[in-house]
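S.K.: Sequence first, predicted model second:
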Amino acid sequence: MVSIYRSVMQGRIPKIRKIPGLDSIKEAVSRAVEMGGSIQYTSGQSKLSDIKAVGGLIASAGILKYVSALAAEKGAKLHVTVPWGDVLLLFESVTKEGFAEANKLEDWGNLVEFHYGGGHPRSYQSRVIGVLRRDNVKSQLYIGSTFSETAVVLGAGLETGCYQIGGSDQYARLPIHVITATYTFIGEELYAAGAYISKDPLQLGVIRGQDVSRFIIIAFLVLGTILMNLGARQILNFI
């Protein structure tokens, strides 16, 4: 991990494979445009001050930037629903960056609309449902560190017939995502997608470091199993 971090700081940026779910995001945006509807993006009711949720929120912000660029290119209306003020400021910034990358910054004010959930889980859930039913939403992306609101948000999207993309790093909520969404970013796939889109060297380095660490651990497990079967207990005890 230390070696990879140093190489990243020296400008040697690691590459990771493209995440298949990114094509589903393109399809979600295109579907909304073709049906004359809009898109809703929300990351759940987590906030940046929650240490358990900050990783998922940062990854979600990277994905939102990608969605914003696609919406700008296709002229799609994008509704961004947030529960907390700190998340609102973060998401405002990344949507502007997405529109700037698409050379459509002048359209940002017309195509992006933010909905503030009032800083309370119930008011946030009500705002998500209200946007779904009022603003002709045809595609919903619910990606981040999601918690107890998961069934409400995705259930409402399913009821209104939305094309849904889900994603969470909270494994207890993943079954609901899988059941109700067309595609789901599962666990660390969410972080990989955020890193792939953002091209942030530090995020890419962390992803590569985790992969290398897993390969090393697996190699040691395989080697240990072979040595155990060969009866080389003394070597294992020494290791």
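M.R.: Now that the structure is in, tell me what you want to look at. Since the model is a prediction, treat every value here as computed from it, not as a measurement.

S.K.: So which residues of this protein form helices?
M.R.: Secondary structure of the chain (DSSP state H): helices at 2-9, 21-34, 54-74, 85-101, 108-111, 121-134, 150-159, 174-180, 188-198, 201-229, 233-238.

S.K.: Can you tell me which helices and strands the fourth one packs against?
M.R.: Taking 3 or more Cβ pairs under 8 Å, 6 or more residues apart in numbering; DSSP states H and E as the contact definition, the neighbouring helices and strands of helix 85-101 are helix 54-74, strand 78-82, helix 108-111, strand 112-116. Every residue, glycine included, has its C-beta placed from N, CA and C.

S.K.: Can you lay out the helices of the chain as JSON lines showing mean neighbour count?
M.R.: Formatted as JSON lines, the helices of the chain follow (neighbours: other Cβ atoms under 10 Å):
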{"stretch": "helix 2-9", "mean neighbour count": "14"}
{"stretch": "helix 21-34", "mean neighbour count": "18"}
{"stretch": "helix 54-74", "mean neighbour count": "23"}
{"stretch": "helix 85-101", "mean neighbour count": "18"}
{"stretch": "helix 108-111", "mean neighbour count": "15"}
{"stretch": "helix 121-134", "mean neighbour count": "17"}
{"stretch": "helix 150-159", "mean neighbour count": "19"}
{"stretch": "helix 174-180", "mean neighbour count": "17"}
{"stretch": "helix 188-198", "mean neighbour count": "22"}
{"stretch": "helix 201-229", "mean neighbour count": "14"}
{"stretch": "helix 233-238", "mean neighbour count": "10"}
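
S.K.: Nearest to Gly144, out of those helices?
M.R.: Evaluated over the helices of the chain, closeness to Gly144 peaks at helix 54-74, with 3.8 Å, by Cβ to Cβ.

S.K.: if I look at the most centrally placed residue in the chain, how far off is Gly109?
M.R.: Nearest residue to the geometric centre of the chain (Cα atoms, centre = their mean): Ser60, 3.7 Å. Ser60 is 22 Å from Gly109, where distance means Cβ to Cβ, to the nearest Å.

S.K.: before we move on, back to that, turn the helices of the chain into TSV, columns for distance to Gly167 and mean pLDDT.
M.R.: Formatted as TSV, those follow (distance: least, Cβ to Cβ, whole Å; pLDDT from 0 to 100):
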stretch	distance to Gly167	mean pLDDT
helix 2-9	25	61
helix 21-34	7	93
helix 54-74	8	94
helix 85-101	16	95
helix 108-111	23	96
helix 121-134	16	95
helix 150-159	11	95
helix 174-180	7	95
helix 188-198	5	84
helix 201-229	16	75
helix 233-238	41	59
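
S.K.: out of these, nearest to Tyr41?
M.R.: In terms of Cβ to Cβ, the element of these nearest to Tyr41 is helix 54-74, at 5.6 Å.

S.K.: quick check, distance from that closest one to the centre of its chain.
M.R.: How far helix 54-74 lies from its chain's middle: 8 Å, per Cα atoms, centre = their mean, to the nearest Å.

S.K.: CA-only coordinates of it, as PDB, when you get a sec.
M.R.: What follows is helix 54-74, C-alpha atoms only, in PDB (Å, rounded to 0.1, in the frame of the first residue of the first chain):
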ATOM      1  CA  VAL A  54     -18.200   9.700   4.000                       C
ATOM      2  CA  GLY A  55     -16.600   7.100   1.700                       C
ATOM      3  CA  GLY A  56     -19.900   6.300   0.000                       C
ATOM      4  CA  LEU A  57     -20.700  10.000  -0.300                       C
ATOM      5  CA  ILE A  58     -17.400  10.900  -2.000                       C
ATOM      6  CA  ALA A  59     -17.900   8.000  -4.400                       C
ATOM      7  CA  SER A  60     -21.500   9.100  -5.000                       C
ATOM      8  CA  ALA A  61     -20.300  12.700  -5.700                       C
ATOM      9  CA  GLY A  62     -18.000  11.400  -8.500                       C
ATOM     10  CA  ILE A  63     -20.800   9.400 -10.100                       C
ATOM     11  CA  LEU A  64     -23.100  12.500  -9.900                       C
ATOM     12  CA  LYS A  65     -20.500  14.500 -11.800                       C
ATOM     13  CA  TYR A  66     -20.600  11.800 -14.500                       C
ATOM     14  CA  VAL A  67     -24.400  11.900 -14.500                       C
ATOM     15  CA  SER A  68     -24.400  15.700 -14.700                       C
ATOM     16  CA  ALA A  69     -22.100  15.700 -17.800                       C
ATOM     17  CA  LEU A  70     -24.400  13.200 -19.500                       C
ATOM     18  CA  ALA A  71     -27.500  15.300 -18.600                       C
ATOM     19  CA  ALA A  72     -25.800  18.400 -20.000                       C
ATOM     20  CA  GLU A  73     -24.900  16.700 -23.300                       C
ATOM     21  CA  LYS A  74     -28.500  15.400 -23.800                       C
END
